[in-house]
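>>> from the sequence below, what's the structure:
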Amino acid sequence: MKTRISYGPVFPRLGVTILAIAVTLCFTGMSSASAENDASNPDKSEAVSSQKTTVAVTPPLDEKALLRSIGTLMDDKLAPLYQKQAKLEKLLLEDKFSGPKMTDIIGGIGWILGLGGIAAFFWSFKRKPGK
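Numbers count the residues shown, from 1 in each chain. The predicted structure follows:
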């Protein structure tokens, strides 16, 4: 006879507790983010007015230098992926050229014996003298 375990009101309380913690963390994160924004921009009206009046003159970008710097950044970011890919390719090549393993040999012998058993089963029907 199976007995059912009754957890009672534990799981609803646990769910409400987790929800309360999540809401608290969300509001805490929002208030700290708004406090940082207020601290960095004490008067937003001054920042807006200074943006309208100030015009920044930037020199024209050198296209080759920009492409070189982007290429360097991409190489730095993709280097770990290239290393992982090289390791995987090395493992695959070692596995491919390592030759048959013991499990492959035993499996092949099993296939041969299994096919021989099936052939003997069907051959035994033809050998019965009574039919």
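>>> where does this protein have low pLDDT?
1-16, 19, 26-27, 29-60, 127-131 (pLDDT under 70).
>>> now the helices for it?
According to DSSP state H, the chain carries its helices in the segments 10-40, 44-53, 63-96, 102-127.
>>> for the longest one, buried residues please.
When you say that, I think you mean helix 63-96. By 16 or more other Cβ atoms under 10 Å, helix 63-96 has no buried positions at all. For every residue, glycine as well, the C-beta is placed using N, CA and C.
>>> tell me which other helices or strands that helix touches.
Packed against helix 63-96, as judged by 3 or more Cβ pairs under 8 Å, 6 or more residues apart in numbering; DSSP states H and E, are no other helices or strands.
>>> going forward, begin numbering at 5 instead of 1
Happy to do that; since the first residue is 5 now, the last one works out to helix 67-100.
>>> what about residue 89, distance to residue 24?
Between residue 89 and residue 24 the computed distance is 46 Å (Cβ to Cβ, to the nearest Å).
>>> ignore what I typed, I meant residue 107.
55 Å.
>>> and if you look at residue 119?
From residue 119 to residue 24 the distance is 66 Å (Cβ to Cβ).
>>> what does residue 90 give?
49 Å.
>>> ditto for residue 108
Where residue 24 is concerned, residue 108 sits at a distance of 58 Å (Cβ to Cβ).
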